[in-house]
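In: Here you go, sequence then predicted model.
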Amino acid sequence: MLQRHEKNNTISIMFEMILCRRCLNYQLIVLLLSTSVFILTEGLSSQINESVVIFCHGSGDSAMGAKASVEDITPASSKALLCEAGIVFEYPNAKLRPYRLNNGYMMRVWFDRYNGMDPRNPEDTASVEASVAQLNELIDDFVKEKKIPPEKIAIGGFSMGGGVALQTAARCHYKLGAVFAMSSYLCDDSLVWSLIDKCKNCTDSNSLLTSPIFMAHGSDDDFVLPRWGKSTAARLESFGGDINQFLEIPGAGHEMTRYELEELCKFLLKTLDRENVM
């Protein structure tokens, strides 16, 4: 039986209208509602949303839950700077699927697991591929339909969401602007390792080798152990990955903290909006 799910703060539905200084001429209204960020305006230019951050929720959570948590914990000053820089968060939903660690009951998870959380357990790659295809389709839509340059797109998330973000970046044929994973890790036998090994000496793009990566972990996390995250970061770095920062949060458990999200916002501004560094 699954003893503990990734933490899910109390959700409240709220409307918040933000008018960004750089977007005044376009009368941009950002409506924060339900599962994602909706942009409502007439004659919206494809260039108004200069950058998009795809934030993937943890297992058992949802797009709405992740959005509520991120917005509640992130400092107001950081949110204001992201808004001014035209950086918008998108929160996709994982599909409901049977989850072995929950006795096979349906859960909103990005992939299934064998035997337990330990990274020495084999990866259920088939379930990973399904979610990676979903997220890469979302990235394709941003690039081809919304005309957002790949270098202005970041993908990441919390816990299992950070894990699937790493998986997606390893299979993404674009050079993305940034990748991040908080309280996350990869299995020791993950297909990611062979994918990036093949790309070390080839011309194919692999965002885990070409994009800056931010990783963070609570020092007291007893659900996803800090050493698992550190091991993943060290192994990515050994393959040539650009681990921009591995941040260990003293005293934090399996959770997102104000300091962690503040540092993430600094990283996103540095990588996605180089003219507006915090």
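Out: In hand now; what should we look at?
In: In terms of helix, strand or coil, where does R97 fall?
Out: Counting by DSSP: H, G, I helix; E, B strand; the rest coil, the backbone at R97 sits in strand.
In: just the strands in this protein please.
Out: Applying DSSP state E to the chain gives strands spanning 17-18, 29-33, 36-40, 51-56, 87-90, 96-98, 106-108, 153-158, 178-182, 212-218, 242-249.
In: between the fourth one and strand 153-158, how many degrees?
Out: Meaning strand 51-56. Using axes from the mean of the first three to the mean of the last three CA atoms, to 10 degrees, the direction of strand 51-56 lies 30 degrees away from that of strand 153-158.
In: I'd like the numbering to begin with 45 instead of 1 from here.
Out: New numbering, starting at 45: the last item is strand 95-100.
In: got a list of what R279 touches?
Out: For R279, the set of contacting residues under the criterion of CB atoms under 8 Å, 6 or more residues apart in numbering consists of 230, 237. (C-beta placed from N, C-alpha, C; glycine too.)
In: so can I have a markdown table of the strands of the chain showing distance to V208?
Out: Converted to a markdown table, the strands of the chain look like this (distance: least, CB to CB, whole Å):
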| stretch | distance to V208 |
| --- | --- |
| strand 61-62 | 28 |
| strand 73-77 | 23 |
| strand 80-84 | 17 |
| strand 95-100 | 6 |
| strand 131-134 | 14 |
| strand 140-142 | 13 |
| strand 150-152 | 12 |
| strand 197-202 | 7 |
| strand 222-226 | 9 |
| strand 256-262 | 14 |
| strand 286-293 | 18 |
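In: could these go into a markdown table alongside mean neighbour count, mean pLDDT and distance to F186?
Out: Listed next are these as a markdown table, based on neighbours: other CB atoms under 10 Å; pLDDT from 0 to 100; distance: least, CB to CB, whole Å:
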| stretch | mean neighbour count | mean pLDDT | distance to F186 |
| --- | --- | --- | --- |
| strand 61-62 | 12 | 31 | 20 |
| strand 73-77 | 16 | 33 | 16 |
| strand 80-84 | 15 | 32 | 12 |
| strand 95-100 | 25 | 97 | 6 |
| strand 131-134 | 22 | 96 | 8 |
| strand 140-142 | 13 | 96 | 24 |
| strand 150-152 | 16 | 96 | 22 |
| strand 197-202 | 29 | 98 | 6 |
| strand 222-226 | 28 | 97 | 14 |
| strand 256-262 | 25 | 97 | 19 |
| strand 286-293 | 17 | 92 | 22 |
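In: between those strands, which one is nearest to L182?
Out: strand 95-100 (6.5 Å; CB to CB).
In: Give me the sheet partners of that closest one and which way each runs.
Out: strand 131-134 (parallel), strand 197-202 (parallel) (DSSP bridges).
In: ok, how many other residues are close to W237?
Out: Neighbours of W237 under the rule other CB atoms under 10 Å: 17.
In: and if you look at N147?
Out: When counting by other CB under 10 Å, one arrives at 9 neighbours for N147.
In: now the stretch 195-322 of the chain, which segments are flagged as low pLDDT?
Out: The stretch 195-322 of the chain contains residues with pLDDT under 70 at 245-249, 318-322.
In: so which of the strands of the chain comes closest to T169?
Out: Taking CB to CB, strand 140-142 is the member of the strands of the chain nearest to T169, at 14.4 Å.
In: follow-up on the earlier one: make JSON lines from the strands paired with strand 95-100 and add distance to D168 to it.
Out: Shown next, in JSON lines, are the strands paired with strand 95-100 (distance: least, CB to CB, whole Å):
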{"stretch": "strand 131-134", "distance to D168": "26"}
{"stretch": "strand 197-202", "distance to D168": "18"}
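In: can you tell me which residues contact P256?
Out: With contacts defined as CB under 8 Å, 6+ apart, P256 is in contact with 222-223, 286, 288, 311, 315.
In: A260: which of these is nearest?
Out: Proximity of the contacts of P256 to A260 (CB to CB) peaks at F311, which lies at 9.6 Å.
In: ok, that closest one - contacts?
Out: The neighbours of F311, taking CB under 8 Å, 6+ apart as the test, are 222, 224, 256, 258, 288-289.
In: Looking at these, which is nearest F267?
Out: Compare each of those with F267 using CB to CB and the shortest gap goes to F224, at 18.9 Å.
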